[in-house]
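kindly return the folded structure for what I paste below:
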Amino acid sequence: MDKSELRKAIRKEKIKARNELGAEERLKLSKIISDNVLSLPVFKDATNIMIYRAVKGEVSLKFLEENAYGKNLFYPLCISDTEMIALHPEGESAWHPGFKDIPEPVRELSEEIDPSKLDLIICPLSAFDNECNRMGMGAGFYDRFLPKCKNAKIIGVAFEVQREESLPVDPWDKPMDAVITEGRLYKKNL
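Presented below is the predicted three-dimensional model:
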C-alpha cells in the first residue's frame, strides 16, 4: 500500500472509530476536552482564537465557545477550493452552511483577521499521532492556512480513539504544538 492509500485507510478507520462513540458519548467527551483546553495557560493568555463548529462526529467546542469570556473567537470560511480565511461573525444570524455543509460565517456579516494576528488555533482532525502530527479530512485547507499563522500556537482536539501510533506525513503537513483528548495532553511545543 502506498502512502496515499495508507493515509486514506487511516483517515477512514479513525473517523469510523470516533463515529462509533455515539452522539451522547462524543458530547460528554467533548465537554471534558473543552475543559482541558480552557485550563491551558496558552488559552488563558490568548486574545484572538480560531476555533470551528463541529460536524459529523468531530469534537464539539460548544462548551468552549460558551465559556471563552473576553476572547475574540474566529471561525474558518472556505473562499475557494483551496483557501480559507478566519472570520469573527457578528451574531448567530451571520452563519450559513458552507463547503460540505460545514457551518461557516457569512463574510459580509463578519470581521476578518490577518492570520498573523491569531494567538491560538484549535483544529479539528481525523487522526493524530504521539508526535502531534495531524491528519485532516484530506482537502488541505488547514495545511495551506496554518503556515500564515506565524504567531499562533496550534492545538488539535480529538478523541483518544483517533490516535494512531505513528502517521505517514507529507512535507506540507504541519505538526500541532499539542493535541488534547479527553484523557491526555500530547505536547510537542507547548
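
can you tell me what sits against stretch 83-102?
With contact meaning Cβ atoms under 8 Å, 6 or more residues apart in numbering, stretch 83-102 is reached by 50, 53, 55, 72-79, 103-107, 109-113, 115, 118, 139, 141-142, 144-145. Bear in mind the C-beta positions are built from the backbone N, C-alpha and C, glycine included.

stretch 56-73 too?
By Cβ under 8 Å, 6+ apart, stretch 56-73 touches 15, 18-19, 21, 26-27, 29-31, 33-35, 37-38, 46-54, 88, 113, 122, 124, 157-159.

quick check: ChimeraX command selecting the buried ones in these.
Entered in ChimeraX, the line below selects the buried ones among these, by 16 or more other Cβ atoms under 10 Å:
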select :15,18,21,26,29,30,31,33,34,37,46,48,49,50,51,52,53,54,88,113,122,124,157,158,159
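
pull out the buried residues from the contacts of stretch 83-102.
Buried among these (16+ other Cβ under 10 Å): 50, 53, 72-78, 104-105, 110, 113, 115, 118, 141-142, 145.

so how far is residue 163 from residue 144?
25 Å (Cβ to Cβ, to the nearest Å).

just residue 31 next, same as before
For residue 31, the distance to residue 163 - Cβ to Cβ - is 19 Å.

phi, psi of the closest residue to residue 152 other than its chain neighbours?
With sequence-adjacent residues excluded and distances taken as Cβ to Cβ, 6 or more residues apart in numbering, residue 152 is closest to residue 118, at 4.3 Å. Dihedral angles of residue 118 (phi, psi; degrees, to the nearest 10) stand at phi -80, psi 140.

now for residue 118: which residues touch it?
Contact analysis of residue 118 by Cβ under 8 Å, 6+ apart lists 48, 49, 50, 74, 86, 149, 151, 152.

and the residue nearest the centre of the chain, what pLDDT?
By Cα atoms, centre = their mean, the mean C-alpha position of the chain lies nearest to residue 123, the distance being 1.5 Å. Looking at residue 123, its pLDDT is 93.

now swap in residue 138 and tell me
Per the predicted model, pLDDT is 69 at residue 138.

can you give me the helices for this protein?
3-19, 23-38, 41-45, 62-66, 141-145 (DSSP state H).

show residues contacting the first one.
For helix 3-19, the surrounding residues in contact (Cβ under 8 Å, 6+ apart) are 1, 26, 56-58, 126-127, 135, 137-138, 158-159, 161-162, 164, 167-168, 170.
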